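> Okay, structure incoming, though there's no sequence with it:
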């Protein structure tokens, strides 16, 4: 393999090399750009690259923050000062951000180097960008954080910022075989984010491992996210009342994961989602669409013809949603939360698929978020753990959900699950 | 005292008499109307009375439901089939409801008799109705559930339906010396409620005792609300970062309550509200006002000149609230919830004043909801327990808040607190 093809270091190993003096930030950033130069024509993960700026920043003085020299990608709905935020829409073409989003600033303050902006679907909704799944270029990388997932999975950058309003972080991580993390709603400020639905939008991360995520999330959430020490985590496989949950691949994935986690020392039980979950998916749409109608009110007035059919239709759905439907949807969320809370035990982590099977062929549809929307709606932290290869030869993702009231139980069990499930990755396929 | 002045039975005692055959529903309903006839000219608690209909229903066949023959009042923002829902606004004058609200229907199905509609402030926002505090006619009964609180406190009806979006159930109960109950958000459907802010509006109850509330709430929430058995409840006095919390009367109320509860066998500790509570009150406004702007969009277009200044101003504030402010407010709520959850122990009930001191003199202002808004915003169940007489000779209310994730810990500790605090009621004033 040529030097340009060599993948740059991951977050933890790269930071360790810099701390030990065996590498310097400039090398890390340069190796990313070498990989990008070689792969970008095929993968198309980036909406904007700032090679000169990044090389200059990486070669200059960086304070000894916890992320000193870490190259990062930023989804193109999140502002980076001096770079475009174009949201994959012609409406935003040429818009240059004046300030860093708070999430970005926190990482820069810790020593991170922004390489550029990663491709998003149109405004982080459904209409796809050009990005391809680096594991099979004819397949979608998932969305809406398409470029972040593809760039990280392809080793072009060790970590990238994402967002999730439905399943936009968890699903592309599953499709690309990496780790995805959606923090509990509210721990990462949304200042500098192009909003879609303010009560749901959550900035998250893609990286290669739970430890890599933890290092970056600790700075982004401004609270320590620790991976160490859980030897007998408690898991509950939760069966959602959706058709995809009865799909063979998803069923086998969950059976395989439960068995392997149990053998490794975890407690794993099965849980049927409470009946109120029959209404949760509709409640997500009922709560989200009027918020999108509001955030896009001005654009809808002035540029509706430039919007995709999917986004325009969703806005119109939001405009026509009754206040009583919204009231019922909020009640549904509250009852779903109380029902989950009365079912779980302390520190228990829920498990379900991260996506409906493998990445679909074709780039038109970034896949279903049916396994993600309930947890986004409930504001719970979620994580994708690579969990095997499906019958089509592409990755499957296991989703861990943290329903703990304080939202601080996820990382230990996630590291445990990763160490267990990663063994599968080289050993065979889930047929 | 003349027969007409005799107060009708409370919920539990009246139901027991009917079950034992020592009374019949018609007697109970008739005794309410006798009391109403005598007192309504002074208290003005009712927006609409249906004496003939109620007497006919009470005298006819009633199935043996758990609330057989119970007379109830219904706040005039909640639909009762065939009665007006006028919301104390000329805009709604003459509007007759076609169907019962679900909350009302559940009580009727259990055997309740609706006597009429109780006075609300304009659309359950701030502009007051004519209702007076029955304990001192020159003072406000509180709001927005003004008529419900006054009618129950005056013994005109044993229980009345209320709503709360800020402090509209908890505060008037405190001012009138009765028990108020706001269920956890989502357990009582809002169908048939004139909405103000769909993510906050909660139908609740006013009654004379925790046991009375429990009997009715069990039907209204369609889940058993039990009062029995807690001998050593855990309480935490939570100090909110608001000026009213440092007011002498409120401070003395909480000190007195803590001492008395402790002596009676409760564990009581002191807790400073986490720093994020500095932003919670503003977050309530930021989340509520755009929702009110949406629910009142059509009325604002067609009748804005008929709205009170306070409601019109609030709608306009909501119209001008930015999506980023809304996003920050939602994040604030999520962080406040996580912070509370990480502070409390299992089954612990929070305590703070139910209102800022006693009911104010005059009817123009129904009082501050500063002690209530945080908990409404967090969707927690709350209850007012009468807790003594203030320096002005009017009641003070203790607020119990249930932060438990499943929302099912309130009634036992509330009954305990009631039995402790009611002793005070006859013994002296908190100076």
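Nice, thanks for sending it over. Computed from a prediction, not measured in an experiment: that's the story for all the values here.
> Disregarding flanking residues, what is the spatial nearest neighbour of the residue of the stretch 201-350 of chain A found nearest chain B?
Nearest residue of the stretch 201-350 of chain A to chain B: residue A:334, at 2.8 Å (CB to the nearest CB). Yep, even glycine has a C-beta here, placed from its N, CA and C like the rest. Distances taken as CB to CB, 6 or more residues apart in numbering or on different chains place residue B:186 nearest to residue A:334, at 2.8 Å, with adjacent residues excluded.
> Test for you: state the pLDDT assigned to the one you found.
The model reports residue B:186 with a pLDDT of 97.
> Was I right to think residue A:395 contacts residue A:177?
Yes - the criterion here is CB atoms under 8 Å, and residue A:395 meets it with residue A:177 at 3.3 Å.
> tell me, what residue is most central in chain A?
Centroid check for chain A by CA atoms, centre = their mean gives residue A:169 as the closest residue, at 2.0 Å.
> Could you pull up the residues touching the residue of the stretch 201-350 of chain A closest to chain B?
B:184, B:185, B:186, B:187, B:379 (CB atoms under 8 Å, 6 or more residues apart in numbering or on different chains).
> which residues touch the second one?
Neighbouring residues of residue B:185 by CB under 8 Å, 6+ apart: A:330, A:331, A:334, B:199, B:200, B:202, B:376, B:379.
> For those residues, which two are the farthest from each other?
Greatest spatial distance in the contacts of residue B:185: A:331 and B:376, 14.3 Å, computed using CB to CB.
> how far does stretch A:299-307 stretch from start to finish?
9 Å (CA to CA, to the nearest Å).
> tell me which residues in it are buried?
A:299, A:300, A:307 (16 or more other CB atoms under 10 Å in any protein chain shown).
> Name the nearest residue to residue A:357, ignoring sequence neighbours.
Nearest residue to residue A:357, sequence neighbours excluded (CB to CB, 6+ apart): residue A:249, at 4.5 Å.
> what does residue A:197 give?
residue A:291 (3.9 Å).
> and the one you found, what element?
Using DSSP states H and E, the element containing residue A:291 is helix A:280-295.
> how about the residues of chain A near chain B?
Applying CB under 8 Å from any CB of the partner chain, we find that chain A lies next to chain B at A:184-187, A:189-191, A:193, A:195, A:198-199, A:201, A:290, A:294-295, A:323-324, A:326-328, A:330-335, A:337-338, A:341-342, A:379, A:404-408.
> So which of these are in helices?
Counting by DSSP state H, the part of the residues of chain A next to chain B found in helices is A:290, A:294-295, A:323-324, A:326-328, A:330-335, A:337-338, A:341-342.
> Of those, grab the buried ones for PyMOL.
The following PyMOL line selects those of these that are buried, judged by 16+ other CB under 10 Å:
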select buried, chain A and resi 290+294+295+323+324+326+327+328+330+331+332+333+334+335+337+338+341
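> Show me how chain A divides into domains.
Annotated domains of chain A cover A:10-275+A:330-431, A:280-327 [automatic domain parsing].
> so which of these is the most packed in?
domain A:10-275+A:330-431 (a mean of 22; mean count of other CB atoms under 10 Å in any protein chain shown).
> Go ahead and measure how far it is from the middle of the chain.
3 Å (CA atoms, centre = their mean, to the nearest Å).
> In TSV, list the contacts of residue B:185 along with distance to residue A:83 and pLDDT.
As requested, the contacts of residue B:185 are arranged in TSV below (distance: CB to CB, whole Å; pLDDT from 0 to 100):
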residue	distance to residue A:83	pLDDT
A:330	37	98
A:331	42	98
A:334	40	98
B:199	35	98
B:200	39	98
B:202	45	98
B:376	41	98
B:379	39	98
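> what's the closest of these to residue B:157?
residue B:202 (20.6 Å).
> I figured the closest one was touching residue B:165, is that so?
Yes - if you go by CB under 8 Å, residue B:202 and residue B:165 touch, sitting 7.5 Å apart.
> Tell me the spacing between the residue nearest to residue A:285 when sequence neighbours are not counted and residue A:215.
Once flanking residues are discounted, residue A:285 sits nearest to residue A:317: 7.3 Å by CB to CB, 6+ apart. To residue A:215, residue A:317 is 40 Å away according to CB to CB, to the nearest Å.
> Same question for residue A:160.
14 Å.
> In chain A, where is pLDDT below threshold?
Filtered on pLDDT under 70, chain A yields the residue ranges A:1-5, A:423-431.
> Kindly reformat the contacts of residue B:185 as JSON lines and extend each row with distance to residue A:121.
Formatted as JSON lines, the contacts of residue B:185 follow (distance: CB to CB, whole Å):
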{"residue": "A:330", "distance to residue A:121": "27"}
{"residue": "A:331", "distance to residue A:121": "30"}
{"residue": "A:334", "distance to residue A:121": "30"}
{"residue": "B:199", "distance to residue A:121": "27"}
{"residue": "B:200", "distance to residue A:121": "32"}
{"residue": "B:202", "distance to residue A:121": "37"}
{"residue": "B:376", "distance to residue A:121": "36"}
{"residue": "B:379", "distance to residue A:121": "32"}
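> Quickly name whichever of those residues is closest to residue A:91.
Residue A:91 has its nearest neighbour among those in residue B:199, at 29.3 Å by CB to CB.
> In this structure the closest one contacts residue B:292, no?
No - using CB under 8 Å, residue B:199 makes no contact with residue B:292, being 11.1 Å away.
> Which residues are in contact with whichever residue of the stretch 51-200 of chain A sits closest to chain B?
Chain B sits closest to residue A:186 of the stretch 51-200 of chain A, with a gap of 2.8 Å, by CB to the nearest CB. Shown in contact with residue A:186 (CB under 8 Å, 6+ apart): A:379, B:330, B:331, B:332, B:333, B:334, B:335, B:338.
> Show me which of those residues is closest to residue B:413.
residue B:338 (22.9 Å).
> one step back: which neighbours do residue B:202 and residue B:165 share?
Common neighbours of residue B:202 and residue B:165 (criterion: CB under 8 Å, 6+ apart): residue B:376.
> any chance you could map the strands in the stretch 51-200 of chain A?
Per DSSP state E, counting those that start in this stretch, the stretch 51-200 of chain A carries strands over the ranges A:71-75, A:113-118, A:159-164, A:179-182.
> With distance to residue A:94 as added columns, please give those in CSV.
Putting the strands of the stretch 51-200 of chain A into CSV (distance: least, CB to CB, whole Å) gives the following:
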stretch, distance to residue A:94
strand A:71-75, 18
strand A:113-118, 13
strand A:159-164, 22
strand A:179-182, 30
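> which one of those strands lies closest to residue B:88?
Here strand A:159-164 is closest among these (CB to CB), at 42.9 Å.
> Show the end-to-end separation of stretch A:14-34, please.
The stretch stretch A:14-34 measures 16 Å between its terminal residues, going by CA to CA.
> any idea how far the residue nearest to residue A:197 lies from residue B:104?
31 Å.
> just residue A:210 next, same as before
51 Å.
> Check residue A:217 too.
For residue A:217, the distance to residue B:104 - CB to CB - is 48 Å.
> Then residue A:383?
From residue A:383 to residue B:104 the distance is 45 Å (CB to CB).
> How about residue A:187?
Distance, residue A:187 to residue B:104, using CB to CB: 41 Å.
> Same check on residue A:68?
According to CB to CB, residue A:68 stands 63 Å off from residue B:104.
> what does residue A:418 give?
In terms of CB to CB, residue A:418 sits 53 Å off from residue B:104.
> go on, residue A:65?
For residue A:65, the distance to residue B:104 (CB to CB) stands at 60 Å.
> can you check residue A:249 too?
Taking CB to CB as the measure, residue A:249 and residue B:104 are separated by 48 Å.
> that older thread, okay if I get the contacts of residue A:186 as a markdown table plus distance to residue A:35?
Shown next, in a markdown table, are the contacts of residue A:186 (distance: CB to CB, whole Å):
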| residue | distance to residue A:35 |
| --- | --- |
| A:379 | 36 |
| B:330 | 38 |
| B:331 | 35 |
| B:332 | 40 |
| B:333 | 42 |
| B:334 | 37 |
| B:335 | 38 |
| B:338 | 38 |
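> Looking at those residues, spot the one nearest residue A:144.
residue A:379 (18.7 Å).
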